[in-house]
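**Student:** Return a 3D structure for these sequence lines:
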Amino acid sequence: PAQAGGTETQQVSGFSSTRVSKVVKEGSGATELPVVPARALIESIDLEIIAAISDPWSARLVIYALVARGNSTSHTYLAKHISLAEFTEYTALQVLLENSQTKLRLPIIDLAAPVLRQLSKEQKIEFDRTLIAITKSDGVVDFTEWVTVVVLRKHLFGGKKEIIKKKVPIAAIQKEVSLVLGFITRCGGLQDDQNTDVYTKGMRFLSMSRDIPSEDNCTAKIITQALRKIQCMRYSDRQRFMEACQICVTHDGVITESESEAIRAIGDSIHCPIPLFQKE
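**Tutor:** Numbers count the residues shown, from 1 in each chain. Have a look, this model is predicted:
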């Protein structure tokens with residue numbers, strides 16, 4: 001399942017609940033996301049990683065290492081499909097990233113993205129192909145892999161939106177809305193009864209009533225398919241949906257790392273990006 005790993009509940013710098021509420025209510029959908037996160041986060045990133053994400057060649061390897069995270073099957077795949085020089089650099093970066101805080105994942109992606117956009121069209125396609133292969137190498141797409149792929153694809157290919165001739169009313173896809181709200185609610189690390197209460201508040205905002213989806217229905221494949229249908233709604237409905245997501249993640253005034261990554265990926269998936277990291 002694409003569940004948030006572990007029990008991380010640490011609040012993310014630059015991801016305050018008031019910040020989330022503000023950007024959602026003022027309207028997301030900026031054509032360019034800010035790529036400069038809070039200064040404190042940048043200063044927390046190892047200087048060797050900063051140097052690596054400043055060049056397209058090594059920025060690719062940073063992302064591969066970020067996604068692989070010591071996974072032996074991903075490691076084996078890369079050993080067979082990238083050059084010896086690339087694999088040596090990738091291995092060194094993997095050690096650095098293993099010692100980095102998990103809250104640095106999104107800032108690293110955001111800093112690497114504009115550099116990766118310098119890749120040629122063919123190089124971007126090859127990079128994307130390799131990234132997908134890594135995530136699927138062990139047969140399971142986990143939460144971190146899903147977020148990384150969604151956010152990076154928005155950065156690299158986000159300008160190309162599918163032309164949807166007939167918009168889908170939000171009432172027609174209540175199941176999909178329920179699935180995603182249930183998923184993001186579970187990213188808060190709450191007990192089952194608390195999850196139900198928070199999820200219900202989000203659904204009530206949309207004038208909907210459905211039981212909270214089971215954890216088994218929160219797989220990367222199911223959530224991705226649900227988001228594709230939600231993407232077909234009118235912008236105003238997508239905006240309301242994002243407000244419902246905001247209600248689910250800001251209920252206690254604290255945004256966990258998993259909640260911050262989830263709402264970011266959801267916004268990117270339905271073309272309502274949320275620029276949560278502020279320049280200082």
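
**Student:** Give me the nearest residue to Arg69, chain neighbours excluded.
**Tutor:** Once flanking residues are discounted, Arg69 sits nearest to Thr144: 6.9 Å by Cβ to Cβ, 6 or more residues apart in numbering. Every C-beta, even on glycine, is put in place using the N, C-alpha and C of the backbone.

**Student:** Is there a neighbour count for the one you found? I'd like the number.
**Tutor:** The number of residues packed near Thr144 is 19, by other Cβ atoms under 10 Å.

**Student:** contacting residues around it?
**Tutor:** Thr144 makes contacts with 5, 66-67, 69, 105, 261, as judged by Cβ atoms under 8 Å, 6 or more residues apart in numbering.

**Student:** Could you pick out the buried ones from the residues you listed?
**Tutor:** 66-67, 69, 105, 261 (16 or more other Cβ atoms under 10 Å).

**Student:** Helix or strand: which one has the residue nearest to Arg69?
**Tutor:** helix 143-157 (DSSP states H and E).

**Student:** could you give the mean pLDDT of that helix?
**Tutor:** Helix 143-157 carries an average pLDDT of 89.

**Student:** Where do the helices of the stretch 1-150 of the chain begin and end?
**Tutor:** In the stretch 1-150 of the chain, the helices defined using DSSP state H, counting those that start in this stretch lie at 17-26, 39-44, 47-52, 56-68, 72-81, 84-98, 105-116, 121-136, 143-157.

**Student:** Nearest to Arg240, out of those helices?
**Tutor:** Nearest to Arg240, of all these, is helix 17-26, at 10.0 Å by Cβ to Cβ.

**Student:** Relative to Phe205, which of the helices of the stretch 1-150 of the chain is closest?
**Tutor:** helix 17-26 (11.6 Å).

**Student:** mind checking how far the residue lying closest to Cys248 once chain neighbours are set aside is from Thr196?
**Tutor:** Nearest non-adjacent residue to Cys248, counting by Cβ to Cβ, 6+ apart: Gly202, 4.4 Å away. Distance of Gly202 to Thr196, computed by Cβ to Cβ, to the nearest Å: 11 Å.

**Student:** hmm, back to that, in the following helix or strand past the helix holding Thr144, what counts as buried?
**Tutor:** Where DSSP H and E defines the elements, the next helix or strand beyond helix 143-157 is helix 174-186. Applying a neighbour-count criterion of 16+ other Cβ under 10 Å, one finds 176-186 buried in helix 174-186.

**Student:** Taking helix 143-157 as reference, get the angle to helix 174-186.
**Tutor:** Relative orientation of helix 174-186 and helix 143-157, computed by axes from the mean of the first three to the mean of the last three Cα atoms, to 10 degrees: 120 degrees.

**Student:** Helix or strand next in line after helix 174-186, which one?
**Tutor:** helix 192-205.

**Student:** residues in contact with that following helix?
**Tutor:** Counting by Cβ under 8 Å, 6+ apart, 177-178, 181-182, 185-186, 188, 190, 209-210, 212, 240, 243-245, 247-248, 251 sit against helix 192-205.

**Student:** average pLDDT for that helix?
**Tutor:** Helix 192-205 comes out at a mean pLDDT of 93.
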